[in-house]
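Participant: Pasting the sequence and the predicted model now:
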Amino acid sequence: AQSVTQPDIHITVSEGASLELRCNYSYGATPYLFWYVQSPGQGLQLLLKYFSGDTLVQGIKGFEAEFKRSQSSFNLRKPSVHWSDAAEYFCAVGAQGNNDMRFGAGTRLTVKP
Amino acid sequence: ETGVTQTPRHLVMGMTNKKSLKCEQHLGHNAMYWYKQSAKKPLELMFVYSLEERVENNSVPSRFSPECPNSSHLFLHLHTLQPEDSALYLCASSQGLRVRTDTQYFGPGTRLTVL
C-alpha cells in the first residue's frame, strides 16, 4: 500500500520569506499526489494535485509543488509567505483505481511578522 | 448552506453515552467518507460510501457505526467509546471514487472528547 512521510512536524518562517514543505511517498507505480491545507477550525482544502505530465504543478493561493520520481518527493513551495498561510499542511498519495488516499501526519506552519 | 457541513462542531461524551455525528453535503456528490484525525498522526480513513452502499471499512471498532440514508447525508453513531477515541472526525465527499478526477471536499470536523 502507498504511504507518505512529512519529515517536518513544525516549521516557522518570516512573512515574505520563501517556503518549502517536504513530502516523501512510497508507492510502486506512478502515484497520484496531493497537498491539502487545514486552517484552524476548518476542514482540509485541496491546494494542488499531480497525476502525470509536467512535474511542476501550480495550485491555488500561489503554491506550487514539484514531483521528483528519483527522490520519491513532492515538495510544496511558495516564493513569499503571507501571514494568512499559517495552517497545517498535509501531503497525500493515492493509488490508481480507487479513492483510498493515505495522508502524512502534517506540517504545522507558523508565520512570524 | 454550501459545501460539506458537520454537526455538532464539538461533542463531549462519557464512555457509556450514545451519540451521533452528522454530515451533510450540498455538492451533489455520490461518495462520502469518515476520517479520524488524531493529534500528530496521519488522517485515518474509517468508512467510505458510494451511492449509499458501504464500499470500505478499514478495521474500525464496532463501537463506531456508520449510516448513509441517502447520498447527501452520512452519520457516525457512537457508543461505548474509549478515551483514545477522542479526536477530530472529518467528513468528506466526492463526485465518485476515482482518485484521479474526484477531488474530496472536507467538512470542518467534529471535535470529540470522550471522558
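Facilitator: Ah, there it is.

Participant: Where does pLDDT dip in the chain?
Facilitator: This is for chain A. Residues of chain A that meet the criterion pLDDT under 70 lie in A:97-99.

Participant: To clarify, I was referring to chain B.
Facilitator: Within chain B, the segments meeting pLDDT under 70 span B:1-2.

Participant: ok, what's across the strand from the spatially most central residue of it?
Facilitator: Residue closest to the mean C-alpha point of chain B, counted by Cα atoms, centre = their mean, is B:W34 at 2.8 Å. Beta-bridge pairing for B:W34 (DSSP bridges): B:F47, B:C91.

Participant: Make sure it is actually in contact with B:L74.
Facilitator: Yes - shown here, B:W34 and B:L74 form a contact pair, counting by Cβ atoms under 8 Å, at 6.9 Å. The C-beta positions use only the backbone N, C-alpha and C, and glycine is treated the same way.

Participant: Quick check: neighbours shared by those two?
Facilitator: Common contacts of B:W34 and B:L74, defined by Cβ atoms under 8 Å, 6 or more residues apart in numbering or on different chains, comprise B:C23, B:P66, B:C91.

Participant: of all the residues in chain A, which ones are close to chain B?
Facilitator: With Cβ under 8 Å from any Cβ of the partner chain as the criterion, chain A meets chain B at residues A:4, A:9, A:32, A:36, A:41-46, A:49, A:51, A:90, A:94-96, A:98-106.

Participant: Narrow these to those in strands?
Facilitator: Judged by DSSP state E, the residues of chain A next to chain B include A:V4, A:Y32, A:Y36, A:L44, A:Q45, A:L46, A:K49, A:F90, A:G94, A:M101, A:R102, A:F103 as members of strands.
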